[in-house]
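Undergrad: how would this look folded up:
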Amino acid sequence: MLIIDKNGIRSEMPFQQVAPRFCVFEYVYFSRPDSIVEGRGVYHARKAIGGELASESHIDADLIIPVPDSGVPAALGYAEKSGVPFDLGIIRNHYVGRTFIQPTQKGRTDSVKLKHNANPAAVKGKRIVLVDDSIVRGTTSRKIVTMMRNAGAAEVHMRIASPPTTHPCFYGVDTPSQDQLIAARMTVDEIAAEIGVDSLAFITVDGMYKAIGDMARNEDQPQFCDACFTGDYPIRLASGLSAKRVSHGVRNNGRWFCRSVGQTCPVTGATRGIGRAVAIAAAAAGAELIITGRTVGALEEADDAIRAAGGRSTMVDWI
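TA: Sure thing, here's the model as predicted:
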């Protein structure tokens with residue numbers, strides 16, 4: 001942290017040294033398949049996850065079909081391990097963005113309709129296993145299953161190359177409410193009925209770790225951030241915040257961010273996420289804040305929260 005005051009400019013590290021916990025979902029979905037992340041090839045990690053998924057939960061089928069594009073490497077690994085042929089039963093429109101981060105349900109549903117199209121010649125009369133990277137809200141899965149049945153598939157099974165997503169991510173992924181996560185509300189069998197598949201299985205947490213290159217998850221010191229699957233967040237909740245719909249920040253008795261009452265602290269992105277939690281914690285420690293955000297309305301809401309915590313702020317919008 002860079003501090004500028006009447007004594008000049010100095011740099012301080014206000015946080016304790018902790019073991020890194022890289023986001024495991026980078027291997028599942030976020031990173032490009034050709035990426036090398038912390039020395040691991042993402043493409044090969046995804047294929048290995050698919051192979052492990054087949055070992056854990058294979059079912060008799062005629063074809064393994066990926067949900068493109070992120071499900072392709074896992075489906076290849078699943079097909080190789082199971083010995084069942086791989087085929088493209090779904091054709092993707094590459095001019096549509098990610099569906100699970102669309103801000104409205106209607107937007108997610110419309111995007112799914114534009115994003116994927118069935119290949120009836122490949123699936124008609126076949127028992128198929130769909131392999132996808134994850135199920136977040138269930139919108140995409142439900143539409144794809146319906147699309148496969150309409151294309152003539154005899155049976156539709158689904159295998160997921162990540163554990164059930166049961167907790168929100170507060171580190172930049174727009175899944176803010178646990179109530180929106182289908183796996184937080186339903187069992188695996190209930191999800192299967194909801195999306196309309198003949199069977200559904202997710203890879204286990206230990207299976208995912210094994211595929212990435214670790215023997216199993218270290219329960220005392222997890223190797224990755226896997227909070228979306230386990231609820232074990234690397235940064236604990238700031239006091240007074242809800243585990244279901246908030247962002248995270250470490251408080252450390254209210255003084256880790258600003259070391260003296262009255263010190264001026266700049267906080268970027270203070271309207272949401274970690275930035276908001278930092279701003280509130282610093283305000284409670286007696287700091288005077290300079291906060292930035294994208295909109296005046298959001299800044300005013302953050303300012304209200306800062307004042308409620310006993311602090312003061314100067315607002316600076318980015319535009």
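
Undergrad: as a whole number, average confidence for stretch 310-319?
TA: The average pLDDT for stretch 310-319 rounds to 71.

Undergrad: List the buried residues for it?
TA: For stretch 310-319, the neighbour count (16 or more other C-beta atoms under 10 Å) marks 311, 313, 315 as buried. C-betas here are computed from N, CA, C, even on glycine.

Undergrad: For the first one, give its distance to A285.
TA: Meaning G311. Distance from G311 to A285, counting by C-beta to C-beta, to the nearest Å: 8 Å.

Undergrad: related to what we said a few turns ago, could I get the buried residues of stretch 310-319 as JSON lines with distance to A61 and secondary structure?
TA: Shown next, in JSON lines, are the buried residues of stretch 310-319 (distance: C-beta to C-beta, whole Å; DSSP: H, G, I helix; E, B strand; the rest coil):
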{"residue": "G311", "distance to A61": "59", "secondary structure": "coil"}
{"residue": "S313", "distance to A61": "58", "secondary structure": "strand"}
{"residue": "M315", "distance to A61": "57", "secondary structure": "strand"}
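
Undergrad: who touches M215 in this structure?
TA: Contacts here follow C-beta atoms under 8 Å, 6 or more residues apart in numbering; on that basis M215 touches Y209.

Undergrad: Over to it. Which of the three states is it?
TA: Classification of M215 using DSSP: H, G, I helix; E, B strand; the rest coil returns coil.

Undergrad: Kindly state the pLDDT recorded for it?
TA: M215 is given a pLDDT of 84.

Undergrad: Could you save the buried residues of stretch 310-319 as JSON lines and add columns showing distance to C228?
TA: Converted to JSON lines, the buried residues of stretch 310-319 look like this (distance: C-beta to C-beta, whole Å):
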{"residue": "G311", "distance to C228": "31"}
{"residue": "S313", "distance to C228": "31"}
{"residue": "M315", "distance to C228": "32"}
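
Undergrad: and which of those residues is nearest T264?
TA: Nearest to T264 among those is S313, at 10.1 Å by C-beta to C-beta.

Undergrad: Correct me if wrong: the closest one contacts A287.
TA: No: at 9.2 Å, S313 and A287 do not qualify as touching, with contact defined as C-beta atoms under 8 Å.

Undergrad: Okay, now stretch 201-218: how far is its last residue from its first?
TA: End-to-end distance for stretch 201-218, by C-alpha to C-alpha, to the nearest Å: 23 Å.

Undergrad: In it, which residues are buried?
TA: By 16+ other C-beta under 10 Å, the buried positions in stretch 201-218 come out as 201-205, 207-212, 217.

Undergrad: Could you do stretch 10-27 as well?
TA: Across stretch 10-27, burial judged by 16+ other C-beta under 10 Å covers 21, 23-27.

Undergrad: Any regions of the chain where pLDDT drops low?
TA: Within the chain, the ranges that satisfy pLDDT under 70 run 96-113, 172-176, 236-263, 294, 296, 317-319.

Undergrad: As a check, name the ranges of all helices in it.
TA: Along the chain, counting by DSSP state H, helices occupy 25, 42-57, 72-82, 105-115, 120-123, 139-150, 182-185, 188-195, 205-212, 227-230, 273-284, 296-308.

Undergrad: Show me what the longest one is packed against.
TA: If I follow you right, that is helix 42-57. Applying 3 or more C-beta pairs under 8 Å, 6 or more residues apart in numbering; DSSP states H and E, we find helix 42-57 packed against helix 72-82, strand 155-160, strand 199-202, helix 205-212.

Undergrad: Buried residues, that helix. List them.
TA: 42-54, 57.

Undergrad: what's in contact with it?
TA: Helix 42-57 is contacted from outside by 26-28, 31-36, 73-82, 131, 133, 159-162, 201, 203-204, 207-208, 210-213, using C-beta under 8 Å, 6+ apart.

Undergrad: And the shortest one, by the same measure?
TA: Outside of helix 25, the residues within contact range by C-beta under 8 Å, 6+ apart are 134, 162, 169, 173, 228.

Undergrad: same thing but 10 Å
TA: 31, 133-134, 162, 165, 169, 171, 173, 224-229 (C-beta atoms under 10 Å, 6 or more residues apart in numbering).

Undergrad: What residues does V316 make contact with?
TA: Taking C-beta under 10 Å, 6+ apart, we find V316 in contact with 266, 268, 270, 290-293, 299.

Undergrad: switch the cut-off to 6 Å
TA: T292 (C-beta atoms under 6 Å, 6 or more residues apart in numbering).

Undergrad: do the same with G310
TA: Under the criterion of C-beta under 6 Å, 6+ apart, G310 has no neighbours.
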